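[1] I need the structure of the sequence given here:
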Amino acid sequence: MSHKNKKISSTPKHTIIKALEKAGGRPKAVTEAADTGSDSEDNSSPENLLTPKDVIAIVTKTIQSELRSIVSELRSEISELGSRTDVVENQLDVVSKHQQTTDTEIADLRAEFSTFKDQLEDLENRNRRNNIWIKNVPESISAEALPDYLEGLFLQMLPDLSKESLNLDRAHRALRPKPNPDQPPRDIIIRFHFFKTKERIMASARNAQSISYSGSHLQLYQDLAQSTLKKRRDLINVTKVLRNHSIKYKWGFPFQLIVSKDGRSHSVRTPEQGLDLLRRLHLIQDSDPSTSASPSQQKTSAPTPSWQKM
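    Model prediction:
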């Protein structure tokens, strides 16, 4: 029970007066302060008066008794509060441990989810391994004329390519509405039947400074998943430095950037790893702002709870 809600039956002044009356009398000064003007009872006779020493002793004893009572009640309330605090701490400790377990499980699930995403991305890219995109093919080339157009293009790039190896499973425009005459033409998506044929054509495109056919400047790209394209864009600062220093690199599966320098191969998967590699190869300085990771690439860790049971 709270000490604030407890009703006090008498004031300390009345308690002292009662203690004096119980002792056999009260001093005249106390009697005059306690009475309200009634002269019906006279307790001022010498035999009823107490000496100052007796009054001090009685008052001291009464105050000590009252203090002991108050201290006892305070101790009881403090003990009750301590018990309730222990219960709250125990419950909070259970919740904190449960939260830490949950955080660990969430971190594990995120790692597994990231692994599954990489595997799914790798599967999608493997499914696209025989595909290429060609940009700037004029819209005037109809779907019926497209196979002959592509055959002529590839034979120009690789004159020794046999028609048997140049087997296309399909070739079509990107699936979007036909653009206006003043807009770029839709891309051509091609799937080769033979992977080696596609690799030879892409190698020829990389080695050629430019590809022109029937009056059009064409560009050839490997068909990739959108997630892979985004990862490549995130590494654009790294590949830019490599090109400026004429250092060869290539893309690997699953996603990685493979850099060859001084007869050694290095692989990176994230912008942070790429920047670290450039520093180790002495291609950039630590203070170079042009190669810093973008804010979207910088990750912040979640705060760790500081709760600890006392």
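
[2] what strand or helix carries the nearest residue to residue 197 once chain neighbours are set aside?
    Spatial nearest neighbour of residue 197, excluding adjacent residues (CB to CB, 6 or more residues apart in numbering): residue 165 at 5.0 Å. The C-beta positions use only the backbone N, C-alpha and C, and glycine is treated the same way. For residue 165, there is no helix or strand it lies in under DSSP states H and E.

[3] number of residues surrounding residue 165?
    By the measure other CB atoms under 10 Å, the count of residues near residue 165 is 15.

[4] repeat for residue 188
    Other residues within reach of residue 188, judged by other CB under 10 Å, total 22.

[5] check residue 59 too.
    Count around residue 59 with other CB under 10 Å applied: 16.

[6] equivalent analysis for residue 89, please.
    Using other CB under 10 Å, residue 89 has 13 other residues around it.

[7] which secondary structure elements does the helix or strand where it lies contact?
    For residue 89, the host element (DSSP H and E) is helix 52-127. Counting contacts by 3 or more CB pairs under 8 Å, 6 or more residues apart in numbering; DSSP states H and E, helix 52-127 packs against helix 12-22, helix 226-234.

[8] what helices and strands are in contact with the shortest one?
    I take that to be helix 226-234. If contacts are counted by 3+ CB pairs under 8 Å, 6+ apart, helix 226-234 sits against helix 52-127.

[9] mean confidence for the helix it packs on?
    Across helix 52-127, pLDDT averages out at 89.

[10] how far does that helix sit from its chain's centre?
    What separates the centre of helix 52-127 from the centre of its chain is 26 Å, taken as CA atoms, centre = their mean, to the nearest Å.

[11] tell me who's in contact with residue 261.
    For residue 261, the contacting residues are 247, 281, by CB atoms under 8 Å, 6 or more residues apart in numbering.

[12] quick revisit: the helices and strands packed on helix 52-127: lowest mean pLDDT?
    Across the helices and strands packed on helix 52-127, helix 12-22 gives the lowest mean pLDDT, at a mean of 64.

[13] how close does the residue nearest to residue 197 sit to residue 136?
    Separation of residue 165 from residue 136 (CB to CB, to the nearest Å) stands at 25 Å.

[14] and residue 100, by the same measure?
    Using CB to CB, residue 100 is found at 57 Å from residue 136.

[15] repeat that for residue 166.
    To residue 136, residue 166 is 21 Å away according to CB to CB.

[16] same question for residue 210.
    Computed as CB to CB, the residue 210 to residue 136 distance reads 11 Å.

[17] who touches both of the two?
    residue 217.

[18] of these two, which one has the most company?
    Neighbour count, other CB under 10 Å: between residue 210 and residue 136, residue 136 has more, with 15 against 8.

[19] got a list of what the more buried one touches?
    Residue 136 makes contact with 184, 185, 216, 217, 218, 219, according to CB under 8 Å, 6+ apart.

[20] if we use 10 Å, what do you get?
    Residues near residue 136 by CB atoms under 10 Å, 6 or more residues apart in numbering: 184, 185, 187, 188, 211, 212, 213, 216, 217, 218, 219.

[21] not counting its neighbours along the chain, what's nearest the second one?
    What it means is residue 185. Residue 185's closest residue in space is residue 139 (CB to CB, 6+ apart), at 4.6 Å.

[22] quick one, phi psi at that neighbour?
    Dihedral angles of residue 139 (phi, psi; degrees, to the nearest 10) stand at phi -70, psi -20.

[23] residue contacts, it?
    With contact taken as CB under 10 Å, 6+ apart, residue 139 is in contact with 173, 178, 179, 180, 181, 183, 184, 185, 186.

[24] distance check, it against residue 100.
    Noted for residue 139: a distance of 61 Å to residue 100, by CB to CB.

[25] same question, residue 156
    65 Å.

[26] go on, residue 119?
    Residue 119 sits 29 Å away from residue 100 when distances are taken as CB to CB.

[27] then residue 71?
    Remark: distance between residue 71 and residue 100 (CB to CB) = 42 Å.

[28] the more surrounded of these two?
    For residue 71 versus residue 100, neighbours defined as other CB under 10 Å are more numerous around residue 100 (13 against 10).

[29] pull out the buried residues from whichever strand or helix holds residue 147.
    In the assignment (DSSP H and E), residue 147 maps to helix 146-157. Going by neighbour count (16 or more other CB atoms under 10 Å), the buried part of helix 146-157 is 146, 149, 150, 153, 154, 157.

[30] for the following helix or strand past that helix, the distance to its chain's centre please.
    Counting by DSSP H and E, the element after helix 146-157 in chain order, helix or strand, is strand 168-173. In this view, strand 168-173 has its centroid 43 Å away from the chain centroid, taken as CA atoms, centre = their mean.
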